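Asker: Test case, fold it:
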Amino acid sequence: MPNIIELKDVSKVYGRRIRTEVLHNTNLSIEEGSFNSIMGASGSGKTTLLNIMGTLDKPTNGQIYIGGNRTDKMSRRSLASTRNKNIGFVFQFHYLLPEFNVIENVLLPHSIKSLFCGRKTREKAEQLLELVGLLSVKKKKVYDLSGGQQQRIAIARALMNEPKIILADEPTGNLDSNSAESVYNIFKDINVQLGTTFVIVTHDERIARKTNRIIEIKDGAIIK
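Answerer: Just a heads-up that it's a prediction; the model follows:
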């Protein structure tokens with residue numbers, strides 16, 4: 001399979017007077033349709049690496065390619081369009097909007113792209129809720145649901161625009177073991193059924209061992 005993400009000699013430095021290099025000449029390729037995890041101690045550069053992959057942050061040096069298109073030189077507008085079309089995000093904190101109900105939260109990425117929400121779009125949102133096992137609560141407010149249910153809604157939301165890539169930053173960090181296992185199983189099913197590429201930052205070795213590839217990072221450098 002071709003590479004859907006490529007990082008070439010990527011470095012990231014924060015600060016001007018006091019400079020902290022968080023990533024050091026990082027080279028990494030992620031195959032399309034693959035299922036990957038990133039592990040490392042706190043402060044090792046995992047989240048910075050994920051944010052650069054997701055175009056949420058720009059490297060100080062180096063080149064980033066998403067689907068063969070170089071993104072580190074793109075304008076903010078082009079980056080926003082690239083993210084919306086190609087990348088879905090799942091974070092440790094789900095960032096659902098409490099004033100919206102479940103299905104309205106799932107529809108949000110589409111609403112950013114287009115104000116019009118037709119019948120087919122709503123049916124698609126319902127299909128995604130069915131995929132994560134929450135169609136029956138589609139009209140409930142998100143604050144009435146458990147943490148595990150809220151994270152599954154966040155997964156459905158991330159899939160709304162049919163992204164080729166899902167980037168997840170500690171998606172099971174706030175969940176009990178049963179809910180964490182449920183989230184992992186949903187990720188794996190989506191990977192197998194839809195061919196979506198996954199890159200998951202996690203401290204949980206049980207989750208990491210179930211991915212097809214573990215990328216280890218230490219002090220800003222990939223060691224394995």
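Asker: ok, and the closest non-adjacent residue to the most centrally placed residue in the chain?
Answerer: The structure's the chain has its C-alpha centroid closest to L167; by C-alpha atoms, centre = their mean the separation is 2.0 Å. In space, and not counting its chain neighbours, L167 is closest to G54: 4.8 Å by C-beta to C-beta, 6 or more residues apart in numbering. From N, CA and C alone the C-beta is placed, and that goes for glycine too.
Asker: Check that neighbour and give its pLDDT.
Answerer: pLDDT recorded at G54 is 93.
Asker: And for V22?
Answerer: 88.
Asker: ok so, going back, contacting residues around the residue nearest to L167?
Answerer: Contact partners of G54, counting by C-beta atoms under 8 Å, 6 or more residues apart in numbering, are R83, I87, F89, L167.
Asker: so the first one touches T55, yeah?
Answerer: Yes: taking contact to mean C-beta atoms under 8 Å, the distance of 5.5 Å between R83 and T55 places them in contact.
Asker: picking that back up, next structured bit after the helix or strand containing the residue nearest to the centre of the chain?
Answerer: Secondary structure assignment for L167, by DSSP states H and E: strand 165-169. Per DSSP H and E, the first helix or strand lying C-terminal to strand 165-169 is helix 177-194.
Asker: quick one: that following helix to strand 165-169, angle?
Answerer: Going by axes from the mean of the first three to the mean of the last three C-alpha atoms, to 10 degrees, helix 177-194 is angled at 170 degrees with respect to strand 165-169.
Asker: Packing partners of the very next helix or strand once past helix 177-194?
Answerer: With elements assigned by DSSP H and E, the helix or strand that comes after helix 177-194 is strand 197-201. Applying 3 or more C-beta pairs under 8 Å, 6 or more residues apart in numbering; DSSP states H and E, one finds that strand 197-201 contacts strand 3-14, strand 20-31, strand 35-39, helix 46-53, strand 165-169, helix 177-194.
Asker: taking the mean pLDDT, what do you get for strand 197-201?
Answerer: The pLDDT scores in strand 197-201 average 95.
Asker: Could you check how far it is from the centre of its chain?
Answerer: 7 Å (C-alpha atoms, centre = their mean, to the nearest Å).
Asker: Using the three-state scheme, assign the residue lying closest to D9 once chain neighbours are set aside.
Answerer: In space, and not counting its chain neighbours, D9 is closest to G62: 4.5 Å by C-beta to C-beta, 6+ apart. Of the three states, G62 takes strand under DSSP: H, G, I helix; E, B strand; the rest coil.
Asker: can you count the residues close to G62?
Answerer: 18 (other C-beta atoms under 10 Å).
Asker: Test my guess that it contacts S11.
Answerer: Yes: under the criterion of C-beta under 8 Å, G62 makes contact with S11 at 5.9 Å.
Asker: in this structure, which ranges drop under the pLDDT threshold?
Answerer: Low-confidence segments of the chain, defined by pLDDT under 70: 112-117, 224.
Asker: if we can go back for a sec, how near is the residue nearest to the centre of the chain to S177?
Answerer: L167 sits 23 Å away from S177, going by C-beta to C-beta, to the nearest Å.
Asker: and if you look at F198?
Answerer: 20 Å.
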